[in-house]
Every structure is written in C-alpha cells, then in structure tokens.
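Asker: Predicted coordinates and the sequence they were generated for:
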Amino acid sequence: MPHCVIEYSIDLEKKDRTLKTVQMINQNLIDSELFDNKTIKARAIPISTHLIGGEQIPFIHTTIRLLEGRTDKQKEVLSKNILNALSKEYHLVDNISVEIIDINPNCYSKN
C-alpha cells in the first residue's frame, strides 16, 4: 500500500522522463518484495517555487508512506535502492533525497 510521491524542481520536467522515473520507482517498490504491485500508488509532482540553500537549484525528493510493519533494515535498503536509481538517472542533480514514513493504521482511512 505504499504511497510514493516524487517531488521535483520543474526545470527537470520532461514528460517522457517523468513517466520513466515514476515507472522506475514503481519497479523498485515491486522488486523490494515488500508490497503487492496492485497496492502501489506512485505519482510525480513538479515544484515551480523552491529554495535550497537560498537558491533555486534542481532537486528531487521522494517520500514513501507505508503502513507499519517493515523493519528499519528493510526501509533502509529500500531507501538506498531508490536513491541509487534516482542518482544514476539524474547524475547531474546534486540534491536527491528519499524519505520513508510509517503511517499509523489507526489514522489511515480509504475505501
């Protein structure tokens, strides 16, 4: 059930490349064997206004929200695999980060 949100500076946007990135992250989630493919929700959101160190420079930040139950080691491996995949694809971007957040199942609702 992970929700994967890829935020990126709009200057990196190219429709085909953005789709390829979402597909790449989705495949990393599948390859981790931590999730059922049918439950993965991945999306990309361009950010037009941002500052990093006081400057508007390119960035990619991926947040993965998932229900509790994975070990810290599993989350660490997943985070590093996604960071490595993004770093290879966007080797000219110096500001790439990945964050994994546990969702409290008591506070999560869906239909």
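Answerer: Yep, that arrived.
Asker: Does residue 21 touch residue 44 like I think?
Answerer: Yes - counting by CB atoms under 8 Å, residue 21 does reach residue 44; the two are 6.5 Å apart. (C-beta placed from N, C-alpha, C; glycine too.)
Asker: Common neighbours of the two, please.
Answerer: 6, 8 (CB atoms under 8 Å, 6 or more residues apart in numbering).
Asker: neighbour count winner among those two?
Answerer: residue 21 (22 against 19; other CB atoms under 10 Å).
Asker: how about the strands in this protein?
Answerer: For the chain, strands defined by DSSP state E occupy the ranges 3-9, 41-47, 60-67, 96-103.
Asker: Using CSV, please lay out those together with distance to residue 75 and mean pLDDT.
Answerer: Converted to CSV, these look like this (distance: least, CB to CB, whole Å; pLDDT from 0 to 100):
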stretch, distance to residue 75, mean pLDDT
strand 3-9, 13, 97
strand 41-47, 17, 96
strand 60-67, 8, 96
strand 96-103, 5, 96
